[in-house]
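[1] My questions concern the predicted model and sequence given below.
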Amino acid sequence: MNIINKKIELSDGRVIEIETGKLAKQADGSVVVKMGGTMLLAAVTCAKDAKEDVDFMPLQVDYKEKYASAGRFPGGFMKREGKASDYEILISRLVDRALRPLFPEDFHAEVYVTVNLISAEKDIQPDALAGLAASAALAVSDIPFEGPISEVRVARINGEFKINPNFSEMADADIDIMVAATYDNIMMVEGEMKEVSEKEMLDAIKFAHEEIKKHCKVQMELSEEAGKTVKRTYCHEENDEDLRKAVEEFCYDKCYAIAKSGSGKQERTDAFDALKESFYETIPEEEREAKTMMVERYYHAVEKAAMRNMILDEGQRLDGRHTTEVRPIWCEVGYLPCAHGSAIFTRGETQSLSTVTLGTKLDMKEHDEVLCQGTDQFVLHYNFPPFSTGEAKAQRGVGRREIGHGNLAWRALKPMVPMAPENPYAIRVVSDILESNGSSSMATVCAGCLALMDAGVKIKKPVAGVAMGLITDKERPNERYAILTDILGDEDHLGDMDFKVTGTKDGITATQMDIKVDGLSYDVLEKALEQARQGRLHIMGEMMKTIDKPREDYKPFVPRLVQLQVPGEFIGAIIGKGGEVIQKIQKETGTTVTITEDICNGQTIGVVDIFGENKESMDAAIEWINNITAVPEVGTVYHGKVVSILEFGAFVEILPGKEGLLHISEIDWNKTEKVEDVLNIGDEVDVKLLEIDAKTGKMRLSRRALIEKPEGYVEPERRPRNNDRGPRRDDRNRGPRRDDRKPRRDSEHKENKEHKDPEMF
C-alpha cells in the first residue's frame, strides 16, 4: 500500500490529518480526514464518459453521519440509518456549492462525492471538515477539477476569531459562518450572526481565507505525492464554429433588444423562446435534431452575453430598473382569519404567504443527530410549489432547495424570536411561495417577520432581507462591474455572484453568498454589502408601513399558555403515580399540561406549561397545580372533601394530597353523636386549619369554628385525664390476646393504625 499522510496545524496547536491510500481504494479518489477523534471518509467516483443529451454538470454530493461513529444506535423502528436528515442535506449543499463552479464548463460526466462521518469525538464539529475532505479526495483522483478548495467555520468568541471551534465554545459566539475558498478566491459563505456590521463580517471572511490557503497548499502537495497532477482527458461536447457564429449573428442584437424592453418575466421568456424558434427555422429540417444541443448551448451563451452587456453598458436591468432600485412592495397582515398569525409579502413578481402557529412543548421539533440531540422551540418551513413559476407539474415533497432556503430564513429570524422563559410557546412559521422571480428566501424572511408580529409574538426587532447580484467584465472584474439590488431570477442565473443578506436596522443576522468569478476584490465585496444594507433598510421601511411592532395580545382564538415554576420536590406530586395526576388535570380541565426539570440558582425547579382553549379551563388547571404545591397555613379556611369517616371524626382533603382530621368534637357546637349524622364520604365542607403538629405534620381542622355559636351556648366541662390508672390487671382479667381475637380486615387495620383517636395532638 502506498499510504500518504499530510498534516495541517491550526494556530492553536490542533492538527488536521489527511490520509490516502488505505481505505476505499477502488474509488477514483479517497481520503480520511482526521481531527482529534473525529474522522471523515470521503470518496469520489466519476463515470467514464458523459451520457447522451447531457449538457450540464451532473454532480451529486452526499454527506452522511454514521451513528456507530459516536457509539449510538439510530432511532426509529428499523434501528439503521435511513434517508438523509435536514442537517445532512444542509452540509451536502455547502460542499456542493463550493465544488460545482470549479469543474470545467465542458465536463459533463456524472460525479459522485460521498463524505461519511466514521468516528465522532463528542465536542468536535465535523461539518467544518466535510469540504476539505471532498476536495482532498478530488485532489488524489484524475477527475478534472480546478481546485483545490477548503471549507472552515469561523466563529467570533468573546471578540476573538477562531477556526473550527468546538461545540462547547459556540454558546458565546456572535458570528458563526462557513467559508469556502480556493487559494486565490472566496467561493461560498453562509452563516448567522448577532447583528454584526458589514465590516465585521468581511473581517471574518478574510480571517477564514488565510487559513484556507494553508489547506489548499497541503492538498497540492498531496496531489503531487499521489501522482495525480495530470487529469484525465475527455470530450463531452461536439462543436460547430460556423453554427456558433450563425447563432450569434442572428440572435445577439435581438436578444439585446428583448432584454432592454423592460417587459415582465413571462413576456420576456416568451420573446426569447420565439427568437430561438425563429433561428431554428433557418436550419434545414433534416438537420435540426442533430444540431439541437449545440443550438441550445450557443443560444444560451448569446442570451447571457446580451443581458450582461446591456446591464454593464447602460446600467439598465431586465425589468427596466436601475441597479440600486428595489421592485415595488406591498404587504398585508391578518389575511387568514383562522391562523394564529399570517402575512403576505410581495416584491415585484415574488410573493410569500406566511403563517405562524403557536403550540406547546409537545409541538416542539425533536432532532436526533449523531452528535446533537434536543428540541427546537422555533422552526421555519419553506414550500416552493411548481405553480409559483408557472410550471405544469406535480409537487413531489420537499427537495434540497426548500430545506436550504428554509434554513437561511430560519437563521435570519432566530436571533430575534424570544425563547423560554420569556416566550413559552413553540412557534412554527410556514412560508408558501405563491410567485417566484428572484429571492423567495428573502421574501420568506420578510413575510415571516410580519406574520410573527401579526401573531403577537414579541420579537426583539423586525428583520428584513435582500438578494444582491453582481455582473462583471470578466477581463476587468474589479474595474467594470454592476452591483444589483433585489435581483431577478434571470439576473441570478446570468450573474457572477449572488448573495443574500438579512438583518435588523442595527446589523446582519444571516447571509448566504456564492461567488462564480475569479479575482473578485474585497473592495467590491465591501461596496456590495453596503448597497445590500441600503436595500435592506428600504425594504424594512416598506414593511413597517403595514405593521411596525408586534400586536399587544394574541388573537382571541389562540390557545393561551401560562408557565409556572414550582419547587423541585413537587414535580412528582404533580405528575402522580404513572402520570395519573397530570392526566387527571388534563382530562377534567380540558388543558394540555407539561412539566420539565430545570436548574435555577443551583436548585432544581419544575417548569409547568399549561395550554388551554379558554380562560376558565386555564384557571381551573392553574388552581389545581397551585393547590398541589401550596403549603397549608394555620388559620386559613379551606373548601375540602370528606375522604374517610371513622368513629372519632372525618378526614378531609383540603388540598390535593393533603388531609387533616376533623375531630367529632369540631364538627358542630352541639354534641355530635355519630359523624355520619352530619357528614358522608364525598361531601364538600368548609373547614378551618387550627393546628399543624410540628413533629408529624398532621393537621387539625374545625368546622364549628366557621359556624356562629348558638345563643346561650355553654362549653361543656372537660374532665381531666386520670393518669393514675390503679393496679394493672392480670392476664386472667384482660380477655383474649390479640392473636385469639377475630381478625380485622387489612383496610380497617391500616385505617385505625394511621388515624388513632387523638383528642389533641
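    Arrived safely.
[2] On the three-state scheme, E673 is what?
    coil (DSSP: H, G, I helix; E, B strand; the rest coil).
[3] Just want the phi and psi numbers for it.
    phi -70, psi -50 (degrees, to the nearest 10).
[4] wait, what's in contact with it?
    Under the criterion of Cβ atoms under 8 Å, 6 or more residues apart in numbering, the contact list for E673 is empty. To be clear about C-beta, it is placed using only N, CA and C from the backbone, and glycine gets the same treatment.
[5] Would you quantify the distance from it to R700?
    21 Å (Cβ to Cβ, to the nearest Å).
[6] and what of V643?
    For V643 relative to R700 (Cβ to Cβ), the value is 16 Å.
[7] So those two - more neighbours on which side?
    R700 (21 against 12; other Cβ atoms under 10 Å).
[8] Could you report the pLDDT at the more buried one?
    For R700, the pLDDT comes out at 93.
[9] got the phi/psi numbers for it?
    According to degrees, to the nearest 10, R700 has phi -110, psi 130.
[10] Same check on D28?
    phi -60, psi -30.
[11] ok, now E391?
    phi -80, psi 140.
[12] what about the longest helix anywhere in the chain, average pLDDT?
    Ranked by residue count, the top helix of the chain under DSSP state H comes out as helix 285-314. The pLDDT scores in helix 285-314 average 90.
[13] list the buried ones in the helix or strand following that helix?
    Next helix or strand after helix 285-314 toward the C-terminus (DSSP states H and E): strand 329-333. By neighbour count on 16 or more other Cβ atoms under 10 Å, the buried set for strand 329-333 is 329, 331-333.
[14] and R244, helix, strand or coil?
    Applying three-state DSSP: R244 is helix.
[15] Nearest residue to it in space, please, no chain neighbours.
    Y298 (4.8 Å; Cβ to Cβ, 6 or more residues apart in numbering).
[16] what's the burial count for that neighbour?
    For Y298, using other Cβ under 10 Å, the count is 22.
[17] again, but for K545
    10.
[18] Could I get the contacting residues of the closest residue to it other than its chain neighbours?
    Nearest residue to K545, sequence neighbours excluded (Cβ to Cβ, 6+ apart): C331, at 7.5 Å. By Cβ under 8 Å, 6+ apart, the contact list for C331 reads 343-346, 446-447, 450, 542-543, 545-547.
[19] swap in L655?
    So L655 contacts 627-628, 630, 632, 638 (Cβ under 8 Å, 6+ apart).
[20] Touching, the residue nearest to R244 and V247? I think so.
    Yes: contact criterion Cβ atoms under 8 Å: Y298 and V247 qualify, at 4.1 Å.
[21] which strand residues sit across from the residue nearest to K545 in the sheet?
    F345 (DSSP bridges).
[22] What residues of stretch 201-217 count as buried?
    Applying 16+ other Cβ under 10 Å to stretch 201-217 flags 201, 203-205, 207-209, 211-212, 214-216 as buried.
[23] Can you tell me which of those residues end up in helices?
    201, 203-205, 207-209, 211-212, 214-216.
[24] quick one, strands of the stretch 651-761 of the chain?
    For the stretch 651-761 of the chain, applying DSSP state E, counting those that start in this stretch gives strands covering 658-663, 684-692, 699-702.
[25] name the helices or strands packed onto the last one?
    Spelled out, it's strand 699-702. strand 649-655, strand 658-663, strand 684-692 (3 or more Cβ pairs under 8 Å, 6 or more residues apart in numbering; DSSP states H and E).
[26] cool, the second one as well?
    Applying 3+ Cβ pairs under 8 Å, 6+ apart, one finds that strand 684-692 makes contact with strand 637-646, strand 649-655, strand 658-663, strand 699-702.
[27] partners of the last one, with directions?
    Yep, that's strand 699-702 we're talking about. By DSSP bridges, strand 699-702 pairs with strand 658-663 (parallel), strand 684-692 (antiparallel).
[28] Same question for the second one.
    Looking at strand 649-655 with DSSP bridges, its paired strands and their directions are strand 637-646 (antiparallel), strand 658-663 (antiparallel).
[29] export the longest one as PDB, just CAs?
    Backbone C-alpha positions of strand 637-646 (Å, rounded to 0.1, in the frame of the first residue of the first chain) are rendered in PDB as follows:
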ATOM      1  CA  VAL A 637     -60.200  28.400  55.600                       C
ATOM      2  CA  TYR A 638     -60.300  25.600  53.000                       C
ATOM      3  CA  HIS A 639     -63.100  24.100  51.000                       C
ATOM      4  CA  GLY A 640     -62.300  20.400  51.400                       C
ATOM      5  CA  LYS A 641     -63.800  17.000  50.600                       C
ATOM      6  CA  VAL A 642     -64.500  14.200  53.100                       C
ATOM      7  CA  VAL A 643     -62.400  11.200  52.100                       C
ATOM      8  CA  SER A 644     -63.000   8.900  55.100                       C
ATOM      9  CA  ILE A 645     -65.100   8.600  58.200                       C
ATOM     10  CA  LEU A 646     -64.100   7.000  61.500                       C
END
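[30] quick one: contacts of that strand?
    Strand 637-646 has contacts (Cβ under 8 Å, 6+ apart) with 632, 650-655, 659-660, 662, 675-676, 679-689, 701, 706, 751-752, 755, 757.
[31] can you pull the buried residues of that strand?
    For strand 637-646, by 16+ other Cβ under 10 Å, it's 638, 640, 642, 645-646.
[32] gap between that strand and the chain center?
    50 Å (Cα atoms, centre = their mean, to the nearest Å).
[33] who does the helix or strand K500 falls within pair up with?
    Using DSSP H and E, K500 sits in strand 497-504. Strands that pair with strand 497-504, judged by DSSP bridges, come out as strand 464-472 (antiparallel), strand 507-515 (antiparallel).
[34] Quick check: the gap between T672 and L646.
    For T672 relative to L646 (Cβ to Cβ), the value is 13 Å.
[35] The spatially closest residue to F56 that is not a sequence neighbour: what's it in contact with?
    Leaving aside its sequence neighbours, F56 sits nearest to H108 (Cβ to Cβ, 6+ apart; 6.6 Å). Taking Cβ under 8 Å, 6+ apart, we find H108 in contact with 50-51, 54-58, 236-237.
[36] Repeat that for L690.
    L690 sits in contact with 634, 666, 700-702, 705, where contact means Cβ under 8 Å, 6+ apart.
[37] Any chance of a markdown table for these, columns distance to L275?
    Below are the contacts of L690 laid out as a markdown table (distance: Cβ to Cβ, whole Å):
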| residue | distance to L275 |
| --- | --- |
| V634 | 94 |
| E666 | 101 |
| R700 | 98 |
| L701 | 95 |
| S702 | 98 |
| A705 | 99 |
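[38] In PyMOL, how would I select just the buried ones from those?
    Burial among these is assessed by 16+ other Cβ under 10 Å; the matching PyMOL selection reads:
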select buried, resi 666+700+701+702+705
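[39] Taking the contacts of L690 together, which two end up most distant?
    V634 and E666 (14.4 Å; Cβ to Cβ).
[40] Please report the distance of the residue nearest the centre of the chain from V558.
    Closest to where the C-alpha atoms of the chain average out (Cα atoms, centre = their mean) is V379, at 4.6 Å. V379 sits 18 Å away from V558, going by Cβ to Cβ.
[41] Give me the number of neighbouring residues for the residue lying closest to D553 once chain neighbours are set aside.
    Leaving out its chain neighbours, the residue that sits closest to D553 by Cβ to Cβ, 6+ apart is G456, at 5.7 Å. By the measure other Cβ under 10 Å, the count of residues near G456 is 18.
[42] tell me the contacts of G456?
    G456 neighbours (Cβ under 8 Å, 6+ apart): 341, 550-555, 558.
[43] So which of the residues you listed wins on neighbours?
    Of the contacts of G456, with other Cβ under 10 Å as the count, G341 tops at 28 neighbours.
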